[in-house]
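Chemist: sequence-free structure coming up:
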């Protein structure tokens with residue numbers, strides 16, 4: 001995430017920040033013609049001051065300064081949209097960026113202070129213009145309304161009209177969104193049909209964006225495929241929502257024996273002993289790299305949600321511990337506890353002697369309906385508590401693009417050198433970076449429905465060795 005700051009009357013971009021992001025304000029607006037908006041390239045080149053959209057940036061900077069904020073973010077110029085990796089990561093992160101903003105300023109172009117003169121008649125004129133404003137019809141502004149804690153509305157010449165709380169009745173009448181939903185920041189209590197209704201009358205320039213603009217509202221991360229069409233994008237989104245709902249259910253199918261669900265095999269003769277590998281067929285894979293390192297205690301930390309970055313450096317050590325996990329720990333999860341306990345043993349992780357590895361390969365064949373992601377999540381959080389020096393990363397792998405995009409996100413969050421090269425193989429880039437990195441790490445590869453995809457990508461996952469994930473379909477009767 002890049003932020004803007006003002007130096008000597010000129011706007012300057014920060015470096016791409018992965019963590020330790022300072023407090024910032026964020027702008028919400030409707031785009032004009034592309035030629036009128038200030039772009040990332042304009043700021044890099046020091047141009048764009050003569051564009052109409054420059055006034056929005058000037059407004060946001062001034063209002064942020066009045067609110068005591070040094071940094072601010074504007075979507076037109078803080079994202080390098082020529083870089084597909086960066087654009088996709090930004091869209092998947094956008095809800096979180098608005099959610100984490102200290103202030104969100106809604107810039108209502110076309111409404112001026114002249115509409116806000118004292119007197120009942122002009123007050124009605126202002127409200128009429130407010131209710132009819134294009135901002136309430138656009139797809140992307142839905143999350144910009146709902147995600148931030150503080151949303152303030154301004155005329156195009158900087159006159160404050162009110163905020164989300166003081167104007168909630170008008171906003172409710174304009175959008176049809178219930179007042180409890182306008183006040184809420186956790187939307188899990190609202191069913192999918194209701195959340196889809198919030199967007200049903202909204203429009204986007206690209207038809208696929210109608211689905212993509214809802215990603216954060218549903219807590220979904222998925223790749224962007226412009227050209228797939230609106231219907232296909234919505235279908236993919238609904239599939240992800242259904243899968244997330246199944247994974248979130250803390251239940252395990254009854255009548256399934258542990259022997260049916262968990263099979264293990266030793267791989268004698270393999271030379272790449274430092275690697276542990278586990279495949280949850282039809283659901284999940286885990287790759288673990290083990291290295292002998294100095295063990296020392298680590299502080300208790302708050303767990304990450306929605307891909308938050310947790311990065312701690314311990315004094316006296318060059319071991320950097322990182323966790324990129326998109327889900328919070330589920331303290332209510334009780335399903336498949338026997339599988340989880342056996343998985344801990346089969347991996348042999350956190351043994352007093354780090355060279356003891358009971359199994360180089362562990363393969364889990366699972367039935368549909370078993371909450372495999374919850375098992376993996378429980379294992380990751382157990383591992384973080386038991387072996388706090390281990391870094392953990394989460395990869396979505398239901399298709400090739402999602403698999404690649406997850407690694408692109410990891411690369412950006414960790415600021416891996418070369419991550420912003422649009423031609424780079426990000427899977428290979430992250431792999432090489434991890435192999436050079438001191439310490440131990442674990443990668444959870446979630447939602448592997450197509451085994452060939454996993455094998456194809458991981459055959460290229462070791463520079464000096466070949467790693468093959470070999471699974472077979474088991475039919476349960």
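Modeler: That came in fine, so what should we check first? All values derive from a computational prediction rather than experimental measurement. Numbering: from 1, shown residues only.
Chemist: okay, now the domains of the chain?
Modeler: Using automatic domain parsing, the domains assigned to the chain come out as 4-185, 258-458.
Chemist: go through these and find the least confident stretch.
Modeler: Mean pLDDT is lowest for domain 258-458 among the domains of the chain, at a mean of 57.
Chemist: got the contact list for residue 42?
Modeler: The contact partners of residue 42, taken as Cβ atoms under 8 Å, 6 or more residues apart in numbering, are 48, 51, 77. C-beta: built from backbone N, CA, C; applies to glycine.
Chemist: from the opening residue of stretch 97-107 to its closing one, how far?
Modeler: 18 Å (Cα to Cα, to the nearest Å).
Chemist: got a winner among the contacts of residue 42 for most neighbours?
Modeler: When neighbours are counted by other Cβ atoms under 10 Å, residue 77 leads those with 25 neighbours.
Chemist: for that residue, what is the enclosing helix or strand?
Modeler: helix 75-78 (DSSP states H and E).
Chemist: tell me which strands and helices that helix is in contact with?
Modeler: Contacts defined by 3 or more Cβ pairs under 8 Å, 6 or more residues apart in numbering; DSSP states H and E place helix 75-78 against helix 40-45.
Chemist: now do the buried residues in the helix it packs on.
Modeler: 40, 42-43 (16 or more other Cβ atoms under 10 Å).
Chemist: likewise stretch 96-112?
Modeler: Going by 16+ other Cβ under 10 Å, stretch 96-112 has these buried residues: 96-109, 111.
Chemist: what's the burial count for residue 167?
Modeler: Neighbour number of residue 167 under other Cβ under 10 Å is 18.
Chemist: who's in contact with the closest residue to it other than its chain neighbours?
Modeler: With sequence-adjacent residues excluded and distances taken as Cβ to Cβ, 6 or more residues apart in numbering, residue 167 is closest to residue 153, at 6.6 Å. Neighbouring residues of residue 153 by Cβ under 8 Å, 6+ apart: 106, 108, 130, 160-163, 167.
Chemist: redo that, cut-off 7 Å
Modeler: Contact partners of residue 153, counting by Cβ atoms under 7 Å, 6 or more residues apart in numbering, are 106, 108, 161-163, 167.
Chemist: which residues touch the closest residue to residue 178 other than its chain neighbours?
Modeler: Distances taken as Cβ to Cβ, 6+ apart place residue 172 nearest to residue 178, at 6.7 Å, with adjacent residues excluded. Each residue near residue 172 by Cβ under 7 Å, 6+ apart is listed here: 178-179, 182.
Chemist: out of the residues you listed, who's nearest residue 232?
Modeler: residue 178 (29.9 Å; Cβ to Cβ).
Chemist: coming back round to it: and the residue nearest to residue 167, that one's in a helix?
Modeler: No. Under DSSP: H, G, I helix; E, B strand; the rest coil, residue 153 sits outside any helix and is assigned strand.
Chemist: and the closest residue in space to residue 416 that isn't next to it in sequence, what are its phi and psi?
Modeler: Spatial nearest neighbour of residue 416, chain neighbours left out: residue 433 (4.7 Å); criterion: Cβ to Cβ, 6+ apart. Residue 433 has phi and psi values of phi -60, psi -40 when expressed as degrees, to the nearest 10.
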